[in-house]
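>>> Here's a sequence, model it:
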Amino acid sequence: MKILVVGQENVFQQRLLKNTLEAIKELDCECQLEVIHDIKEIMKLEEYEIIITPALIVDNHILCEGHIWDKEHIKHYLSNIIKGV
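I've put the predicted structure just below:
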């Protein structure tokens, strides 16, 4: 599973990253986590058509954009991916 946390480094991006890290840890799942906060790198992600950051992308699907999912919401989605739902 590949997870991207995208957004310039600010309190919102840091909160989304924290929630994502906690969800991954609690699920004890293996994944590739990448944090993209450089504006030049964010612009290279045009394939995702991200309009507002922070954004959370899992396996090429935007989960949230412009708002912050809480840890439980992220865990729910990730556990469904793990189960193959």
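
>>> Could you name the specific helix or strand carrying the residue nearest to the spatial centre of the chain?
Here the mean C-alpha position of the chain is nearest to the C-alpha of L56 (C-alpha atoms, centre = their mean), at a distance of 2.6 Å. Following DSSP states H and E, the helix or strand that holds L56 is strand 55-58.

>>> So what touches that strand?
1-7, 16, 20, 48, 62-66, 69, 74, 77-78, 81 (C-beta atoms under 8 Å, 6 or more residues apart in numbering). No exception for glycine: its C-beta is placed from N, CA and C like everyone else's.

>>> Okay, buried residues for stretch 51-68 please.
Applying a neighbour-count criterion of 16 or more other C-beta atoms under 10 Å, one finds T53, P54, A55, L56, I57, V58, L63, C64, E65, I68 buried in stretch 51-68.

>>> Which positions in the lowest-mean-pLDDT helix or strand in the chain come out as buried?
Among the secondary structure pieces of the chain, namely its helices and strands, helix 39-43 has the lowest mean (mean pLDDT, DSSP states H and E), a mean of 90. Along helix 39-43, the positions that meet the burial threshold by neighbour count (16+ other C-beta under 10 Å) are I42.
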